[in-house]
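In: Sequence first, then the predicted structure, then my questions.
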Amino acid sequence: MKSIICLGIESSCDETSAALVDSDRNILSHIIYSQIPEHKKYGGVVPELAARAHILAIDEVVQKALDEAGKTVEDIDVIAATAGPGLIGGVIVGWEFAVGLAQATGKPLVAVNHLEGHALVPRLTNDMEFPYLLLLASGGHSQILLVKGVGDYELIGQTLDDSAGEAFDKVSKMLGLGYPGGPVVDARAVAGNPMVFKFPRPLCDKPGCDFSFSGIKTAARTFLQNNKSEINDAFINDFCASFQAAVVDVVINRLHNALKDERVITAAPKALVVAGGVAKNSAIRSALEKMAAENNMQYGAPPLNLCTDNGAMIAWAGIENYNLGRVVTEPVAPRPRWPLTEL
């Protein structure tokens, strides 16, 4: 059977990305233009600037993806692009580019849910079989999902307030470490002692699988305001290590509860998977790998370059949906909100 080649386009936040992936799980090319330098001085993503940057970058990014793979548009079998959720200005740029390209070439088009891209990327990199239990954690989302199949997701738990990624970003900003916060907090934590400072572990004494990270963030802010005179490099390292340890404890506690949930027990997933930007965090990866081993489960995590938003995950989700006949047959409106449970 001939391998299918998909062009995937992602523009939901602050990365303009395009990739060519085939149905044999080969990433033929992968281009990411990061807007971090544009947003760094503001301490976070500015939607209007992000949309403008996508407009300026998308033509070149897609062409580079084709050139790197040694392909032309004629070699592509299907086009896939993020149609939501995300910052709507950016989503529109990538989606409308894909629509125009599909109309001009007659190629089939797949509207990809950005979260499904994250949810399915372990099947690209780890050849993961359904069902699996997924921790999807990023700057915008923190969810525990039972991944039963393409387009078939059951929400087991979710954040009640801030996402894990948002908490990392906010603490980094409090400490003056810059944006994005996750990687720099992780790096400083490696040099620190996680036992020095005591942070709360919200909901860890409660049943259920929902998260709360707002309390940890508030505790961090209050402590820093009361101890400004003590802040130095060693303090920051210990603070990051202690904060990160609290986040990891909350994540692991909620996942332990998920494994005892009747829905999960009935589905009997054989794998524990982490995806999304926070999946780059070394402590979270290590804790989940240990947890998987303790529960006789396969562990899966994308390589670091496929944790944050990227075109390869969109291309793979496009292939998975295309194989099930899920292609665009009528106009699709980009969506800023699009829960996986609505697929």
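Out: Perfect, thanks for sending it.

In: Centroid-nearest residue for the protein?
Out: The centre of the chain sits closest to residue 276, judged by C-alpha atoms, centre = their mean, with a distance of 2.1 Å.

In: quick one: contacts for it?
Out: 118, 135-138, 141, 165, 307 (C-beta atoms under 8 Å, 6 or more residues apart in numbering). The way it works is simple: take the backbone N, C-alpha and C, and place the C-beta from them, glycine included.

In: again with residue 156
Out: 133, 144-146, 209, 258, 261, 263-264.

In: just checking, which of these belong to strands?
Out: 133, 144-146 (DSSP state E).

In: Any idea how many residues pack against the closest residue in space to the residue nearest to the centre of the chain that isn't next to it in sequence?
Out: Nearest non-adjacent residue to residue 276, counting by C-beta to C-beta, 6 or more residues apart in numbering: residue 138, 3.7 Å away. For residue 138, the neighbour count with other C-beta atoms under 10 Å is 25.

In: Then residue 78?
Out: Counted with other C-beta under 10 Å, residue 78 comes out at 22.

In: Farthest pair within the contacts of residue 276?
Out: For the contacts of residue 276, the farthest-apart pair by C-beta to C-beta is 141 and 307; their separation is 13.1 Å.

In: thinking again about what came up before, just the buried ones from the contacts of residue 156?
Out: By neighbour count, with 16 or more other C-beta atoms under 10 Å, the contacts of residue 156 hold 133, 144-146, 209, 258, 261, 264 as buried.

In: so the residue nearest to residue 276 makes contact with residue 162?
Out: No - in this structure, residue 138 is not within contact of residue 162 by C-beta atoms under 8 Å, at 11.9 Å.

In: May I ask which helix or strand encompasses residue 86?
Out: Secondary structure assignment for residue 86, by DSSP states H and E: no helix or strand.

In: how about residue 75, what does it touch?
Out: residue 5 are the contacts of residue 75 under C-beta under 8 Å, 6+ apart.

In: before we move on, back to that, can you tell me which residues contact the residue nearest to residue 276?
Out: Here residue 138 is in contact with 118, 163-165, 276-278, 308 (criterion: C-beta under 8 Å, 6+ apart).

In: give me that answer again for 10 Å
Out: 13, 114-115, 118, 163-166, 182, 275-280, 307-309 (C-beta atoms under 10 Å, 6 or more residues apart in numbering).

In: same deal with residue 87?
Out: Per C-beta under 10 Å, 6+ apart, neighbours of residue 87: 11-14, 45-48, 50-51, 54, 93, 140, 336.

In: Distance check, the residue lying closest to residue 71 once chain neighbours are set aside against residue 307.
Out: Spatially, and ignoring its direct neighbours in sequence, residue 71 is nearest to residue 20 (6.1 Å; C-beta to C-beta, 6+ apart). Counting by C-beta to C-beta, to the nearest Å, the gap from residue 20 to residue 307 is 20 Å.

In: Touching, residue 190 and residue 238? I think so.
Out: No - with contact defined as C-beta atoms under 10 Å, residue 190 does not reach residue 238; the gap is 11.6 Å.
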